[in-house]
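>>> pasting the structure only:
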Ligand SMILES: Nc1ncnc2c1ncn2[C@@H]1O[C@H](COP(=O)(O)OP(=O)(O)OP(=O)(O)O)[C@@H](O)[C@H]1O
Ligand SMILES: [Mg+2]
């Protein structure tokens, strides 16, 4: 008993130490949500490794009061350059107006959190922190609560029609020790549609929360090639609520990164809704440590909905991949079609993939499946390609792309998918030198 | 062109001997056929020639135009002009047939110091060749061999051969699983490639393919050796009487 109290006290101390290192914004309209999040965080504390949800990913780097000194960063090569889109740039978490396009061109309502939060009234008042708070049950997500309490910047995006072009949030890092907390709120109104591109490294250490509320028949497509900085440390939370007949699709590409934890919490709330979440992660420990964690929780809470989770990891030289994915089918969520696959391709014996796929079903008329595999390059296929004259390394690259294909297929726009494949090829190409 | 001398091969795992002294010489412009009972080592020969892992050459040599094949990587053998149409073509999900073909063609051109084909040039050639093999645009777009029927896979092998224009073509049971019309297509594909500078080694169980692709020489393989060599009539003999007589004769 005494030991437990000591541990709890230690957790509380660590949480206070983390909070003390932050300048908590005094919000305008977000003030109640921030106060609520802070209270929740104080009640539960930051996670520690012995917490079940963190047993494969040590949260120490996220808990530390500041990011590591001397983290190397790299200027990401641009992606989606040729696409018609509206780009908004954040450098080390600060909006860079000069480098950004005119937000008005996006055809959606956009406000910056830091500006909007001077007012007491805003459409986002009912949304900021709402999905995050709801997403704290049944599993705690303390870094998301921390984010709601402490976020200094972000975008508040309201989509009322079909956005004419994608909105592109482009992150850049220029400081070695930037510690960035961003919070975006997206509201896709009834029948509206938005494609959101999110690229780059927000900072040496980043905590990004994105709350996406898709109303009836709305559509939200999200494509997120994460920054390639070797030393970056990042935790992201994607909270989504998908209403009747609406579609939510998110794809994340991760190449490099010392520490990445991408959580997705999706609540399928209306009948006939669709939610897909996919990820492709590639890590080569020779470039620097690589630890990548996808933690996904999909809740079916309506009739006749479809969800897909497709996660692929390519790991080499001591890289670690983690997948924790759950499909929860609530009572009454009949005719649910739930699918989950997590796979790793280990390019050597040093790397590891840890997976915990879960299904929890409280309805009887559902179709749910999940699978998880770990494997090496298929020698027969490799020989087949080489026998056609393709050099071994090129053949391996093709087979890696082949392995990732199902995840990439989750990107609906062919041109955007082609850009993502190009980035992958580029990463594979550089591995060969 | 292809000269195999006293080739001995055993399995890497377990060391079981499979090829026990194969001797075979194929001249440019010729078509040789190999027939033989199941398990006699025909596919093993084709794999060893094309460089598949899992086999150990314990003795002998195999040269293509005087160059030792057995020391080359599989891709080097391909660039040197060797091609194997697989008995069981491999499915590669997520890699388009077209991408695969183009990668292969350009890899070989590059290895030989030739300029790569532009996308336009490549497309023109591939469409033309695919058409003669009745491979439609949709099949070209699909991932390599995924969801192809047995016969479609074999036709796809011949398409690859036609695109790569190898000098030494080995066909391992390309006729099995083909209907009569597809067999004709495949044979026409092979015949179209017949050329004084090119040779074929056709592994088959049936005379039928050899009606369309007239071989110059027929070999019988049994228990890891070529046990009999003759003209096209040898294939007819096998068709009529099976292998019993031939094997008894040499025993
Ligand atoms: N990788 C392997 N592992 C175990 N046995 C093998 C392997 N490869 C070949 N063999 C054995 O070697 C022998 C020759 O096989 P091979 O496939 O070359 O025969 P084949 O003449 O092509 O037969 P078929 O006419 O049935 O195609 C067989 O007994 C087979 O079981
Ligand atoms: Mg065989």
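Received it, and whenever you're ready, just let me know what you need. Predicted model, so just to flag it, every value in this text is computed and none were measured. Ligands and ions are numbered 1, 2, ... in the order given.
>>> Quickly find the element holding the residue in chain B positioned nearest to ligand 2.
Proximity of chain B to ligand 2 (C-beta to the ion) peaks at residue B:43, 3.1 Å away. Backbone N, C-alpha and C define where each C-beta goes, glycine included. Secondary structure assignment for residue B:43, by DSSP states H and E: helix B:42-50.
>>> Could you look up the next helix or strand downstream of that helix?
Assigned by DSSP H and E, the successor of helix B:42-50 is strand B:55-64.
>>> Paired strands for the very next helix or strand once past that following strand, with orientation please.
With elements assigned by DSSP H and E, the helix or strand that comes after strand B:55-64 is strand B:67-68. Its sheet considered, strand B:67-68 pairs with strand B:55-64 (antiparallel) by DSSP bridges.
>>> List the buried residues in the strand it pairs with.
B:55, B:60, B:62, B:64 (16 or more other C-beta atoms under 10 Å in any protein chain shown).
>>> Relative to residue B:74, which of these is nearest.
residue B:55 (12.3 Å; C-beta to C-beta).
>>> re earlier: can you redo the buried residues of strand B:55-64 as CSV, where the extra columns are distance to residue A:242 and pLDDT?
As requested, the buried residues of strand B:55-64 are exported to CSV (distance: C-beta to C-beta, whole Å; pLDDT from 0 to 100):
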residue, distance to residue A:242, pLDDT
B:55, 54, 96
B:60, 66, 96
B:62, 61, 96
B:64, 60, 96
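>>> what comes up buried for the helix or strand residue B:10 falls within?
Assessed by DSSP H and E, residue B:10 sits inside strand B:2-11. In terms of neighbour count (16+ other C-beta under 10 Å), strand B:2-11 has its buried residues at B:2, B:3, B:4, B:7, B:8, B:9, B:10.
>>> Return only those of those residues found close to ligand 1.
Taking C-beta under 6 Å from any ligand atom as the test, ligand 1 is in contact with none of those.
>>> now the worst-scoring helix or strand of chain A on mean pLDDT: how far from the chain's centre is it?
Within chain A, confidence by mean pLDDT, DSSP states H and E is lowest for helix A:2-20 among all helices and strands, at a mean of 81. Centre-to-centre, helix A:2-20 and its host chain are 28 Å apart (C-alpha atoms, centre = their mean, to the nearest Å).
>>> What is that helix packed up against?
Where contact means 3 or more C-beta pairs under 8 Å, 6 or more residues apart in numbering or on different chains; DSSP states H and E, helix A:2-20 is packed against helix A:31-44, helix A:142-150.
>>> most neighbours per residue, which of these?
Sort those by mean neighbour count, taking mean count of other C-beta atoms under 10 Å in any protein chain shown, and helix A:142-150 sits at the top with a mean of 26.
>>> so where do the strands sit in the stretch 1-150 of chain B?
Here the stretch 1-150 of chain B has its strands, by DSSP state E, counting those that start in this stretch, at B:2-11, B:17-26, B:31-35, B:55-64, B:67-68, B:82-85, B:92-96, B:143-144.
>>> quick one, which of these is nearest to residue A:312?
Closest among the strands of the stretch 1-150 of chain B, once you apply C-beta to C-beta, is strand B:92-96, at 10.3 Å.
>>> Check which helices and strands that closest one is in contact with.
helix A:379-387, helix A:392-408, strand B:143-144.
>>> One more pass at 6 Å, please.
helix A:392-408, strand B:143-144 (3 or more C-beta pairs under 6 Å, 6 or more residues apart in numbering or on different chains; DSSP states H and E).
>>> thinking again about what came up before, pull the distance from the strand holding residue B:10 to the chain's centre.
16 Å.
>>> That strand pairs with which strands, parallel or anti?
Counting by DSSP bridges, strand B:2-11 is paired with strand B:17-26 (antiparallel), strand B:55-64 (antiparallel).
>>> Next, the angle helix B:42-50 makes with it.
Interaxial angle of strand B:2-11 relative to helix B:42-50 (axes from the mean of the first three to the mean of the last three C-alpha atoms, to 10 degrees): 110 degrees.
>>> Could you pull up the mean pLDDT of strand B:2-11?
Across strand B:2-11, pLDDT averages out at 96.
>>> Next: stretch A:114-129.
Rounded mean pLDDT across stretch A:114-129 is 94.
>>> Repeat that for stretch A:374-390.
Mean predicted lDDT for stretch A:374-390 stands at 96.
>>> Endpoints of that stretch, how far apart?
With C-alpha to C-alpha, to the nearest Å as the measure, stretch A:374-390 spans 25 Å from end to end.
>>> Could you pull up the residues touching residue B:102?
residue B:122 (C-beta atoms under 6 Å, 6 or more residues apart in numbering or on different chains).
>>> got a markdown table for the helices and strands packed on helix A:2-20, with mean pLDDT and distance to chain B too?
Shown next, in a markdown table, are the helices and strands packed on helix A:2-20 (pLDDT from 0 to 100; distance: least, C-beta to the nearest C-beta, whole Å):
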| stretch | mean pLDDT | distance to chain B |
| --- | --- | --- |
| helix A:31-44 | 96 | 42 |
| helix A:142-150 | 98 | 34 |
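>>> okay if I get those helices as CSV plus distance to residue B:74?
CSV is the format used below for those (distance: least, C-beta to C-beta, whole Å):
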stretch, distance to residue B:74
helix A:31-44, 57
helix A:142-150, 49
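>>> Indicate which one of the ones you listed is closest to ligand 1.
helix A:142-150 (50.8 Å; C-beta to the nearest ligand atom).
>>> Correct me if wrong: residue B:26 contacts residue B:199.
Yes. The pair residue B:26 / residue B:199 is scored as a contact, 4.8 Å apart, by C-beta atoms under 6 Å.
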